[in-house]
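J.: Give the three-dimensional model of this entry:
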Amino acid sequence: MAKTSLEKIASWDEEIAQIKNKQKLERQKHNREEQKARNHRLCKRHALLEKMLPEIITITEEQYQTFLERAVANDYGRDKLNKIIAQGAANGTEKAPTEATPTAANATPKSTQTATPNNTAESAKADGGATVQG
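T.: This next block holds a predicted model:
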């Protein structure tokens, strides 16, 4: 039995409604996935910050914002971030190399001293126990 033009139009309208519904569901799924990834990223990064600076747990939201503004949300912090991003892009990776830079006055900076033949225990043994201090 052949469909009339009105029946064809009604059938297409129904298909359009189904496709729009599928599109809406897919957008919702995509948004949920993005939100889940964002929440995971925020929790993971803040946990790392708390691990490095445990005293940050006790400060207020206002103090936290002030800390971030003074420690990283400035020209120096943006410059460092841009360099890390550029290094990642140059290496073809998204992960940034770790860099020993103090983030606050209370933070204990990691040693930036590199191993040279005169400042390691291994080189002292290789040099017959002689070390140079200075």
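
J.: May I ask you to name the longest helix in this protein?
T.: Scanning the chain for the helix with the most residues, using DSSP state H, yields helix 5-52.

J.: Can you tell me which helices and strands it packs against?
T.: Judged by 3 or more CB pairs under 8 Å, 6 or more residues apart in numbering; DSSP states H and E, helix 5-52 is in contact with no other helix or strand. The way it works is simple: take the backbone N, C-alpha and C, and place the C-beta from them, glycine included.

J.: Residue ranges of each domain in this protein, please.
T.: 8-58, 60-95 (automatic domain parsing).

J.: Lowest mean pLDDT across the ones you listed, which one is that?
T.: Among the domains of the chain, domain 60-95 carries the lowest mean pLDDT, at a mean of 89.

J.: So which bits of it are buried?
T.: For domain 60-95, burial by neighbour count (16 or more other CB atoms under 10 Å) applies to 67-68, 71, 77.
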